[in-house]
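[1] Here is a sequence together with a model predicted from it:
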Amino acid sequence: MPPASTYYLERRWRSGAEEGFTRMALDFKTLLGEAEVAHGHLCAGQILGVRMAMLGLERLGISDPRGADRKRLVTYVEIDRCATDAIAVVTGCRLGKRALKFRDWGKMAATFVDLSSGRAIRIAAKESSKQRARELYPEIADKNRQQMHAYREMADRELFSEEWVAVTVEAQEMPGYKSARVVCAVCGEGINYDREVERDGRILCLGCADVARRYYRAL
Ligand SMILES: [Zn+2]
Ligand SMILES: [Zn+2]
């Protein structure tokens, strides 16, 4: 049975002199449709991501993450895969808003942090869920299709493990943090969010402070 939780999308509208407010209920199917559009295709990862995010929001009691509650949530994701896109769609947490944090651990897990209450829940996909999908739909050879069918129907406790955790979101990591903008003494590029370091009395960006660890090299 698909999750019963409902979320809302709020939109202000104006037509001539008239103004209004529309509140639209979002259910699993609607959210999955949105995730499919944003991600480019429908896959088992989208189903897992939508359900993981819905469960996290439900546990935190956040019903309107993209409307009235949009400043309450920060989400940490531990993998850069399909499900991550779906989590961003459902929660409204995006990299460009500083509300989506990426920890590159290669794990299908995410932690949802409610900034207003300080509560946080970490949810991870269970290893056994793939085996359960095989048991439920042995007749479907294609793994992705097999999992897409199974992940829609499996209970939350079959799909996920969850634990309440404490997360310290430092001031400089918060969405909306205002920082001084400084200039690197070597490359001359601007540095935001206190990412500069001091070396021998000079202010440097991380790339210039440790050239060996740059992810690129000049040609
Ligand atoms: Zn995908
Ligand atoms: Zn620099």
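    Sure thing, it's come through. Ligands and ions are numbered 1, 2, ... in the order given.

[2] Let me see the mean pLDDT of stretch 139-149.
    Stretch 139-149 carries an average pLDDT of 95.

[3] got the residue ranges for the helices in the chain?
    With helices called from DSSP state H, the chain shows them at 28-39, 44-60, 82-91, 128-136, 143-153, 156-159, 206-209.

[4] among those, which is nearest ligand 1?
    With CB to the ion as the criterion, ligand 1 lies closest to helix 82-91 of the helices of the chain, at 3.1 Å. In short, each C-beta sits where N, CA and C put it, glycine included.

[5] is ligand 1 contacted by that closest one?
    Yes: using CB under 5 Å from the ion, helix 82-91 comes into contact with ligand 1 via C82.

[6] chain center to that helix: distance?
    Its chain's C-alpha centre and that of helix 82-91 lie 5 Å apart, by CA atoms, centre = their mean, to the nearest Å.

[7] Ok, stretch 103-111 next?
    10 Å.

[8] That stretch: which residues count as buried?
    108-111 (16 or more other CB atoms under 10 Å).

[9] In strands, which of these appear?
    109-111 (DSSP state E).

[10] how about CSV for the residues you listed, with pLDDT and distance to A171 added?
    Listed next are those as CSV, based on pLDDT from 0 to 100; distance: CB to CB, whole Å:
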residue, pLDDT, distance to A171
A109, 98, 25
A110, 98, 22
T111, 98, 19
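
[11] Where does pLDDT dip in the chain?
    Applying pLDDT under 70 to the chain flags the ranges 1-15, 20-26.

[12] how is it carved up into domains?
    4-169, 179-213 (automatic domain parsing).

[13] for those, which one ends up most surrounded?
    Greatest average neighbour count among the domains of the chain goes to domain 4-169 (a mean of 17), per mean count of other CB atoms under 10 Å.

[14] Ligand 1: which of the ones in strands among the buried residues of stretch 103-111 is nearest?
    For those, the nearest to ligand 1 is A110 (15.9 Å; CB to the ion).

[15] Tell me who's in contact with the residue nearest to the closest one when sequence neighbours are not counted.
    Closest residue to A110 apart from its sequence neighbours, by CB to CB, 6 or more residues apart in numbering: V77 at 4.9 Å. Taking CB atoms under 8 Å, 6 or more residues apart in numbering, we find V77 in contact with 84, 87, 100-103, 109-110.

[16] how close does V77 sit to ligand 2?
    28 Å (CB to the ion, to the nearest Å).
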